[in-house]
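Asks: Below are the sequence and a predicted model; questions follow.
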Amino acid sequence: MPSEPALVTNSFSEEETAKKSPISRNGKKSHPAPLGSQWSLHAAKYRQVADGTIFPFALMLADECHQISPLDAPSARALDDGTGTGVVTAALKSLYPSLHVIAADVSPGMIDSFTTRISDEGWENVEARLLDAQNLEGIGNASLSHVLSTFMVCLTPDPKKVVAEMLRVTRPGGVLGLGVWADPYFGALNTPFTKACRELDPGYQSVPMMDEEWTRADNVEEGLKEAGYVDVRMREMMMLKEWASLDEACDHFWNGKNPAVMLMHDSWKADGRPPLEELKPAFRRLYGEAMDRDGKVISEVWITMGTARKPG
Ligand SMILES: C[S@@+](CC[C@H](N)C(=O)[O-])C[C@H]1O[C@@H](n2cnc3c(N)ncnc32)[C@H](O)[C@@H]1O
């Protein structure tokens with residue numbers, strides 16, 4: 001049984017909810033989903049910054065899937081969809097070493113990093129595939145017992161297609177384990193960024209970094225049921241990311257090349273506005289204030305996570 005990650009299961013506070021725009025399945029704001037090549041620029045930093053924080057949640061998700069249908073059964077076969085640098089595969093292989101895992105991602109840089117990791121870790125029965133989750137070409141209908149995916153669906157151009165593909169490749173009775181970011185504005189970064197922007201231009205409007213319909217637990221539940229999943233159980237919880245220093249956190253925000261963060265940078269760029277460089281002092285002050293926990297530098301990030309099953 002994996003150990004519990006540092007988490008707070010809760011709904012958003014009133015203040016946090018007020019920061020968000022109303023979210024409806026019909027009236028969403030669009031967001032320009034980043035391409036695979038854009039994720040490649042971020043691959044080197046991604047493992048260093050995200051892996052350790054996400055790993056306990058990946059363990060928890062793997063265990064929840066295992067409770068529904070055993071991942072150590074000889075017939076079990078899993079997909080880690082949107083693997084990035086492989087944190088879900090790492091959790092699966094640590095708990096169920098002989099499990100066959102296909103790990104797919106649309107980004108060549110992520111898949112290169114993941115392929116190196118397969119040999120570094122000495123994993124057997126792990127295949128890396130360069131694939132768009134909207135079209136899992138080469139993965140047969142009903143060929144997998146489990147599909148797990150963390151922090152990818154909400155960042156794609158067409159999450160409905162991604163979910164339909166997940167369902168297609170799952171055996172009847174098979175399991176989905178899903179994690180997405182719960183806040184489409186990613187308030188841990190967007191709130192200090194927006195405040196910094198408004199110090200220079202009070203008219204600045206923040207933009208969603210991901211698809212609003214695939215973030216909050218209630219929306220994700222509804223989307224999965226519409227797609228044909230049953231026994232859908234999603235909840236929101238808080239993930240804590242501790243930084244070594246405020247310098248490290250700011251450097252990651254400005255120079256990490258995370259394509260979703262770059263959407264935020266781009267939202268500032270407009271005729272007549274000063275360069276991004278001029279936002280840096282205010283952002284550093286506001287980001288530091290938001291993350292200060294008795295001298296430690298900690299981001300609080302809301303996530304939606306849970307399981308569902310294909311009927312059968
Ligand atoms: C925030 S990272 C999450 C990676 C990993 N699952 C984790 O939790 O650490 C998002 C990942 O989704 C991948 N991605 C984005 N759009 C995709 C698509 N259409 N098909 C497959 N992967 C995609 C990116 O390349 C990136 O590796």
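Replies: Thanks, I have it.

Asks: which residues touch the residue in the stretch 201-312 of the chain that the ligand sits nearest to?
Replies: Nearest residue of the stretch 201-312 of the chain to the ligand: Ala260, at 7.3 Å (Cβ to the nearest ligand atom). Yep, even glycine has a C-beta here, placed from its N, CA and C like the rest. Neighbouring residues of Ala260 by Cβ atoms under 8 Å, 6 or more residues apart in numbering: 34, 155, 186, 209-210.

Asks: Between the residues you listed, identify the one with the most neighbours.
Replies: When neighbours are counted by other Cβ atoms under 10 Å, Met209 leads the contacts of Ala260 with 28 neighbours.

Asks: Run a quick check on it versus Pro184, I expect a contact.
Replies: Yes. Met209 is within contact range of Pro184, at 6.6 Å (criterion: Cβ atoms under 8 Å).

Asks: does the residue of the stretch 201-312 of the chain closest to the ligand sit in a helix, a strand or a coil?
Replies: helix (DSSP: H, G, I helix; E, B strand; the rest coil).

Asks: any idea how far it is from Ala33?
Replies: Using Cβ to Cβ, to the nearest Å, we find Ala260 at a distance of 9 Å from Ala33.

Asks: Identify the contacts common to those two.
Replies: 155, 210.

Asks: Get me the contact residues on the stretch 101-250 of the chain for the ligand.
Replies: With Cβ under 6 Å from any ligand atom as the criterion, the stretch 101-250 of the chain meets the ligand at residues 105-107, 110, 132-134, 150-152, 155-156.

Asks: how far out from the middle of the chain is stretch 166-181?
Replies: How far stretch 166-181 lies from its chain's middle: 16 Å, per Cα atoms, centre = their mean, to the nearest Å.

Asks: Buried residues, it. List them.
Replies: Judged by neighbour count (16 or more other Cβ atoms under 10 Å), stretch 166-181 contains these buried residues: 166-171, 174-181.

Asks: Max pairwise distance over the residues you listed: which two?
Replies: Greatest spatial distance among these (Cβ to Cβ): Arg171 and Trp181, at 28.2 Å.

Asks: Surely Arg273 is within a strand?
Replies: No. With three-state DSSP as the criterion, Arg273 is located in coil rather than a strand.

Asks: and it, what is it in contact with?
Replies: 200-201.

Asks: got it, and Pro259?
Replies: Going by Cβ under 8 Å, 6+ apart, Pro259 touches 34-35, 38-39, 41-42.

Asks: out of the residues you listed, which are buried?
Replies: Buried, going by 16+ other Cβ under 10 Å: 34, 38-39, 41-42, out of those.

Asks: Out of those residues, which are close to the ligand?
Replies: Trp39.

Asks: So which of the buried ones among the contacts of Pro259 belong to strands?
Replies: Judged by DSSP state E, strands contain none of these.

Asks: From the buried ones among the contacts of Pro259, pick the one nearest Ala78.
Replies: Using Cβ to Cβ, the buried ones among the contacts of Pro259 come closest to Ala78 at Trp39, 21.7 Å.

Asks: Might one say that that closest one is in contact with Gly109?
Replies: Yes. If you go by Cβ under 8 Å, Trp39 and Gly109 touch, sitting 6.7 Å apart.

Asks: Let me see the ranges of the helices in the protein.
Replies: Ranges of helices in the chain, per DSSP state H, are 14-19, 36-68, 87-95, 108-121, 159-169, 187-200, 217-227, 246-255, 259-268, 280-291.

Asks: Single out the most deeply packed of those helices.
Replies: Burial of those is given as mean neighbour count (mean count of other Cβ atoms under 10 Å); helix 87-95 ranks first at a mean of 24.

Asks: Just want the angle from that one to helix 108-121.
Replies: With axes from the mean of the first three to the mean of the last three Cα atoms, to 10 degrees applied, the angle from helix 87-95 to helix 108-121 works out at 20 degrees.

Asks: Ignoring the adjacent residues along the chain, who's closest to Pro159?
Replies: Distance criterion Cβ to Cβ, 6 or more residues apart in numbering; nearest residue to Pro159, sequence neighbours excluded, is Trp214 at 4.4 Å.

Asks: got the contact list for the one you found?
Replies: Trp214 neighbours (Cβ under 8 Å, 6+ apart): 153-154, 159, 180, 220, 223.

Asks: mind putting the residues you listed in JSON lines, pLDDT included?
Replies: Formatted as JSON lines, the contacts of Trp214 follow (pLDDT from 0 to 100):
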{"residue": "Val153", "pLDDT": "97"}
{"residue": "Cys154", "pLDDT": "95"}
{"residue": "Pro159", "pLDDT": "96"}
{"residue": "Val180", "pLDDT": "98"}
{"residue": "Val220", "pLDDT": "98"}
{"residue": "Gly223", "pLDDT": "98"}
